[in-house]
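Chemist: Compute the structure for the input listed below.
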Amino acid sequence: MKKTAPVRRPEEIELKLALPASDPVGLEKQLARLPVLARRKAIHLHLHNTYYDTLDQSLRKKRVALRLRRVVSDVKPEWLQTLKIGGSNDSSFSQRGEWETPVPGAELALPALRGTPWSDIDPDGSLFRALVPSFVTSFDRTSWTVRRRDGSVVEVSLDVGQIVAEGRSIPLCELELELLAGKPATLFDLARQIAHSIAVMPETRSKAERGYALAQNSLNLSLHAQPPSLSSRMSPSEAAQRVLREMFCQFTANLNTLRDFDDTELVHQARVGWRRFKSAYRLFKPVLAVADVPSWESLQTLLTVLGELRDLDVARTETLPPYAPAYGAGNASREGQWQAMTQAMTQAAQVQRKAVCYALKTPAVGATLLEITQWLEELPEPKGAADSRPDHEVSLRHWARHRIDRLHRQLKAALQNTDTVESRHRARILAKRLRYGIEALSSLLSRRRTKRWYQQATELQTSIGISRDVVQAGVLLARLEVNRELVEFLRGVAAGQEKLG
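Modeler: Next comes the predicted model:
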């Protein structure tokens, strides 16, 4: 008897890139001149989309999006209803189920959801009846279809418009590369060609996720660490992908938000994300194909100016304010010196933030971030490799414990000699690496022992960090050429903390 071929699940495979929204018209012209898009016919559409959910956001919690779209073109306007399910929220590259169906007009149609997973999501229809409009996206789309000799087909779309929710709106300017045929690597190949000339950034959040955030007035909030849960059945390379991707997402998501919002916590969490990423890379390095790792050299200027901005932020908002009363002590002249210093620090931070924004507009930065994104997507072993490992091969749980034990031994050795600034700094770095490693692998580790190590590492990092911050503040003030007395005062504070330490 002839077997029936399985029905292929409709799937959307795309790469999403954020673009600077300052000159959308210029962007379209610049894109059209690129060799990869030149001489290809551009199609122009206006898309008005309403996203639906329940008042308690049942669909969002299930990672489901339901959208009604009005397509306006040179021909008759068309209404489309789209259901999207799954997908990753920690990468600009996504693969998720997508079912799109024409509908009669501006109302959701339950019959259009037949033959989709909606029946599993809403078996009795009660959820559909509770749906209400949540937010709107409205934008002009310019699309180019790129066909390759190998048979791959990619639709490159520039979307320019806005997202509207709860009476608030934000500009929308992004590039979507959707794979219509071929392999996902084609998306990255085209994206790199674009990134050589245009400052793109990997965008981890979909339009729907940004719409929800706008509705909740949380769009400008920083993204903190969210270590993923790991299974002992994973191979080390599979665990590496999950851990590294979450950390890299923390880095890039905060950078993207930093382009539009001025907030010290965004700077802090971007740096935390990168430090966690570098630390986890070292942790997993024995199981990674190091030769395939993209070079990070093009990120160095960005990382440097980002670090300098963070040092200024810490000094002016955390380190220095507690010492103001002790320095002023009711003396009008000294209080004036402190005020002048505060103004100088604020101005320096403003200048440094402009340097960060300028670095983010450098095409080489976006190109490097794209290379890292692709490396992370291609990182795991081939499917089935973990199940075919020999019985004697070390399990992920055992491997994780071994790596954390090794870090703990290194920290213990470093603490045997903390007589110099350099040795204390090394101990602090090792304490951070141990803390980040325990956070990343916590689901695989013994809680009782690692809880003690984690607390020790945290306390050590904090205590050494306080002293380091005072010294760093003095260095910054000396560069700003503020009053010499103030600089000497801080050196005295640092010396006192050194003796107490």
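Chemist: only C-alpha atoms for contact and neighbour calcs from this point on.
Modeler: Fine.
Chemist: Find the residue ranges of the protein scoring beneath the pLDDT cut-off.
Modeler: 1-9, 380-394, 497-501 (pLDDT under 70).
Chemist: repeat that with 80
Modeler: By pLDDT under 80, the weakly predicted segments of the chain are 1-9, 21-22, 74-75, 87-89, 289-291, 380-394, 421, 494-501.
Chemist: Using CSV, write down the CA coordinates of the lengthiest strand in it.
Modeler: If you go by DSSP state E, the chain has its longest strand at strand 132-147. This file holds the C-alpha atoms of strand 132-147, laid out as CSV (Å, rounded to 0.1, in the frame of the first residue of the first chain):
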residue,chain,number,x,y,z
VAL,A,132,-9.9,42.0,21.6
PRO,A,133,-7.5,44.4,19.6
SER,A,134,-4.2,44.8,21.5
PHE,A,135,-2.1,47.0,19.3
VAL,A,136,-1.6,48.1,15.7
THR,A,137,1.4,48.2,13.3
SER,A,138,1.1,50.3,10.2
PHE,A,139,3.9,50.6,7.7
ASP,A,140,5.0,50.9,4.1
ARG,A,141,6.8,47.9,2.8
THR,A,142,9.3,47.9,-0.1
SER,A,143,10.2,44.4,-1.1
TRP,A,144,12.8,42.9,-3.5
THR,A,145,12.9,39.2,-4.4
VAL,A,146,16.4,37.8,-4.7
ARG,A,147,16.8,34.5,-6.6
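Chemist: Quick one: the strands in the protein, in order.
Modeler: For the chain, applying DSSP E gives strands covering 11-18, 42-53, 64-72, 78-85, 93-102, 132-147, 153-165, 168-181, 201-202.
Chemist: and the protein, what are its domains?
Modeler: Domain segmentation of the chain under automatic domain parsing yields 11-219, 286-500.
Chemist: Between those domains, which one is closest to Ser235.
Modeler: Nearest to Ser235 among the domains of the chain is domain 286-500; the distance by C-alpha to C-alpha comes to 5.4 Å.
Chemist: Now do the closest one: distance to the chain's middle.
Modeler: 18 Å (C-alpha atoms, centre = their mean, to the nearest Å).
Chemist: which other residues reach stretch 49-62?
Modeler: 65-70, 127, 130-138, 208 (C-alpha atoms under 8 Å, 6 or more residues apart in numbering).
Chemist: now the end-to-end length of it.
Modeler: 20 Å (C-alpha to C-alpha, to the nearest Å).
Chemist: Sort out which residues of that stretch are buried, please.
Modeler: Within stretch 49-62, the residues scored as buried using 16 or more other C-alpha atoms under 10 Å are Asn49, Thr50, Tyr51, Tyr52, Asp53, Thr54, Leu59, Arg60.
Chemist: now swap in stretch 447-454 and tell me
Modeler: Across stretch 447-454, burial judged by 16+ other C-alpha under 10 Å covers Thr450, Trp453, Tyr454.
Chemist: from those, which is closest to Leu411?
Modeler: Trp453 (10.1 Å).
Chemist: ok, and the closest non-adjacent residue to the closest one?
Modeler: With sequence-adjacent residues excluded and distances taken as C-alpha to C-alpha, 6 or more residues apart in numbering, Trp453 is closest to His408, at 7.5 Å.
Chemist: can you tell me how far that neighbour sits from Gln216?
Modeler: Taking C-alpha to C-alpha, one finds His408 at 42 Å from Gln216.
Chemist: Have a look at the two and say which one is more surrounded.
Modeler: For His408 and Gln216, the more surrounded residue by other C-alpha atoms under 10 Å is His408, and the numbers stand at 21 against 11.
Chemist: Okay, that one and Leu415: tell me how far apart.
Modeler: In terms of C-alpha to C-alpha, His408 sits 11 Å off from Leu415.
Chemist: Quick check, Thr101 in contact with Leu80.
Modeler: Yes. If you go by C-alpha atoms under 8 Å, Thr101 and Leu80 touch, sitting 5.5 Å apart.
Chemist: out of those two, which sits in the busier spot?
Modeler: Leu80 (19 against 14).
Chemist: Report how many residues lie close to Ser279.
Modeler: Residues near Ser279, counting by other C-alpha under 10 Å, number 22.
Chemist: Could you pull up the contacting residues of it?
Modeler: Arg433, Tyr436, Gly437.
Chemist: and if you look at Gly26?
Modeler: Contacts for Gly26 (C-alpha under 8 Å, 6+ apart) come out as none.
Chemist: what's the distance between Leu179 and Leu37?
Modeler: From Leu179 over to Leu37 (counting by C-alpha to C-alpha), the distance is 15 Å.
Chemist: Skipping adjacent residues, who's closest to Tyr436 in space?
Modeler: Tyr436's closest residue in space is Arg276 (C-alpha to C-alpha, 6+ apart), at 6.2 Å.
Chemist: swap that for Asn483, please
Modeler: Closest to Asn483 by C-alpha to C-alpha, 6+ apart is Gln337, at 6.7 Å.
Chemist: One more: Ile13?
Modeler: Gln95 (4.6 Å).
Chemist: Is it correct that the one you found is in contact with Ile85?
Modeler: No. Assessed by C-alpha under 8 Å, Gln95 is found out of contact with Ile85, at 9.5 Å.
Chemist: between these two, which one's more packed in?
Modeler: Ile85 (20 against 16).
Chemist: Spit out the contact partners of the more buried one.
Modeler: Contacts of Ile85 by C-alpha under 8 Å, 6+ apart are Arg63, Val64, Ala65, Arg96, Gly97, Glu98.
Chemist: Which of these are buried, as a PyMOL select command?
Modeler: Applying 16+ other C-alpha under 10 Å to those, the buried members can be selected in PyMOL as follows:
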select buried, resi 64+65+96+97+98
